[in-house]
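**Q** Make a model of this:
(chains A and B)
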Amino acid sequence: MLFNKKKSRRNINKGVVNMSSMIDVTFLLLIYFLVTTVLTPPEDELNPALEVQEGASQVSDELEPQVIDVVKRGNDEIYLIGSQSITSRETLYEVLSKLPHEPGVIVKVDGTTSVSFALAAIQEARNAGFEKVTYVPTNP
Amino acid sequence: MPFRSKTSRIIIPVVEMTPMIDIIFLLIIFFMVAAQFAQQATIDLDLPNEAGEKTPIETPSALIINLTADGDIIVDSPDNLITIEDLDSRIQSFVETESATWDLISLRADENAESAALNEVLRILNKHGLSATRIATESP
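**A** Modelled structure (predicted):
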């Protein structure tokens, strides 16, 4: 009996930490951060070369054979390759695919068009297989 | 004695909580840090929906220039709105002091922005001898 008594005393002295409330809080925190975290979509990029025309017509003449002019006519944004006017990017891709790829292509962007329309030209040039794509900002 | 032997047979199931709590705490810390980084790094822009280059550059950008739909230029933090002249001097010091190359500067332009604003930024990059640019896109 004496032995038994000792055992029961030991049991009483054991400290018990109640973990349930802490776990509740941590779970709530976890759910909060899971819900509020905004996962940013992964970004890609286009890397065109840059060239600025310094108002010399000579530069323009040199670039003439492989130039896409990105311009706005009225409310319509169009691509001009030589005298050919293109409104859809599918047509642009077809036309670019037929051009020789070695000299590269110049994308001359008029300031009046939207960024998305201008970058679509660069993307289609890349898709058509052009390794050298040069962005030339121009004044409207 | 028979009473004693009965009590010793009772099996109390003990659920080991420590590893679970460890994992939950790690998850909380991860989401807290990720949320903080996401706030610092990104400015909410509608990037052009383009697939980008087939082989994107792996170098992380040292300078990110954000161009909003209204044509405003934001560098570093979301409230750091700068003028085109400020950007000019910023790029100049960036190129001179850190001898930065074009692949260290990334340009995030809103797809609805006018390309005139994009052209201005690209002119400045070209003025400081940067031969190409990185324009961020979002995979469709």
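**Q** going forward, measure contacts and count neighbours with C-alpha atoms only.
**A** Will do.
**Q** after the helix-or-strand element of chain A with minimal mean pLDDT comes which helix or strand?
**A** Within chain A, confidence by mean pLDDT, DSSP states H and E is lowest for helix A:57-63 among all helices and strands, at a mean of 47. Proceeding N to C from helix A:57-63, the next assigned helix or strand is strand A:67-73, under DSSP states H and E.
**Q** What is that next one packed up against?
**A** With contacts taken as 3 or more C-alpha pairs under 8 Å, 6 or more residues apart in numbering or on different chains; DSSP states H and E, strand A:67-73 sits against strand A:76-81, strand A:105-110, helix A:115-127.
**Q** could the ones you listed go into JSON lines alongside mean neighbour count, distance to residue B:88 and mean pLDDT?
**A** Converted to JSON lines, these look like this (neighbours: other C-alpha atoms under 10 Å in any protein chain shown; distance: least, C-alpha to C-alpha, whole Å; pLDDT from 0 to 100):
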{"stretch": "strand A:76-81", "mean neighbour count": "18", "distance to residue B:88": "30", "mean pLDDT": "92"}
{"stretch": "strand A:105-110", "mean neighbour count": "26", "distance to residue B:88": "21", "mean pLDDT": "91"}
{"stretch": "helix A:115-127", "mean neighbour count": "23", "distance to residue B:88": "21", "mean pLDDT": "93"}
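**Q** for these, which one sits closest to chain B?
**A** helix A:115-127 (4.6 Å; C-alpha to the nearest C-alpha).
**Q** Is any residue of the closest one near chain B?
**A** Yes. Helix A:115-127 reaches chain B (C-alpha under 8 Å from any C-alpha of the partner chain) through A:115-116, A:118-120, A:123, A:126.
**Q** Contact residues of chain A facing chain B?
**A** Counting by C-alpha under 8 Å from any C-alpha, the residues of chain A near chain B are A:23, A:26-27, A:29-30, A:33-34, A:37-52, A:109-116, A:118-120, A:123, A:126, A:137-139.
**Q** Drop anything exposed from those.
**A** Burial by neighbour count, judged by 16 or more other C-alpha atoms under 10 Å in any protein chain shown, picks out A:23, A:26-27, A:29-30, A:33, A:43-52, A:109-116, A:118-120, A:123, A:126, A:137-138 from the residues of chain A next to chain B.
**Q** If anything else comes up later, I'll come back, but that's it for now.
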